[in-house]
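**Student:** What follows is a predicted structure for the sequence shown.
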Amino acid sequence: MSWTVNLYPKESEKFLDKLDKLTKGKVIRELQELQLTGFSEHNDSLKKMVGLPNIWELKTGQCRIFLVATGGETIQILHMTIKKSNKTPLEVIELIKNRAKYFGGAK
């Protein structure tokens with residue numbers, strides 16, 4: 001089974017372009033793995049976010065990728081960021097909640 005992973009177009013491209021070559025490679029490999037396995041319990045890097053329905057966080061090194069399943073076997077990347085603290089900032093949480101609603105993945 002193969003999943004479709006859609007990036008949030010301009011923002012994701014800008015984020016990936018700013019990363020160093022090694023980190024960018026790690027992120028791309030994680031996204032490719034996500035395409036193959038989807039929301040598999042075998043992916044230790046993928047965790048459901050507490051208190052946010054249907055929103056998941058993919059961790060790779062210092063990068064955090066927030067995503068949502070939008071129907072069928074499609075995953076929408078909502079936001080990518082570099083971890084700077086232990087907690088996700090409220091403005092990032094609001095951003096990903098709003099984007100998830102837009103893509104029909106969260107209520």
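**Tutor:** That came through, no problem. Numbering: from 1, shown residues only.
**Student:** Please determine how far residue 91 is located from residue 104.
**Tutor:** 22 Å (Cβ to Cβ, to the nearest Å). All C-beta atoms are positioned from the backbone trio N, CA, C, and that covers glycine.
**Student:** which one of the two has more residues nearby?
**Tutor:** residue 104 (13 against 8; other Cβ atoms under 10 Å).
**Student:** who's the residue nearest to residue 4 when sequence neighbours are not counted bridged to?
**Tutor:** Spatial nearest neighbour of residue 4, chain neighbours left out: residue 74 (4.7 Å); criterion: Cβ to Cβ, 6 or more residues apart in numbering. When bridges are called by DSSP bridges, residue 74 pairs up with residue 4, residue 71.
**Student:** For the helix or strand hosting residue 36, name the packing helices and strands.
**Tutor:** Per DSSP states H and E: residue 36 is located in helix 21-37. When contacts are defined as 3 or more Cβ pairs under 8 Å, 6 or more residues apart in numbering; DSSP states H and E, helix 21-37 packs onto strand 4-6, helix 9-18, strand 55-60, strand 63-71, strand 74-82.
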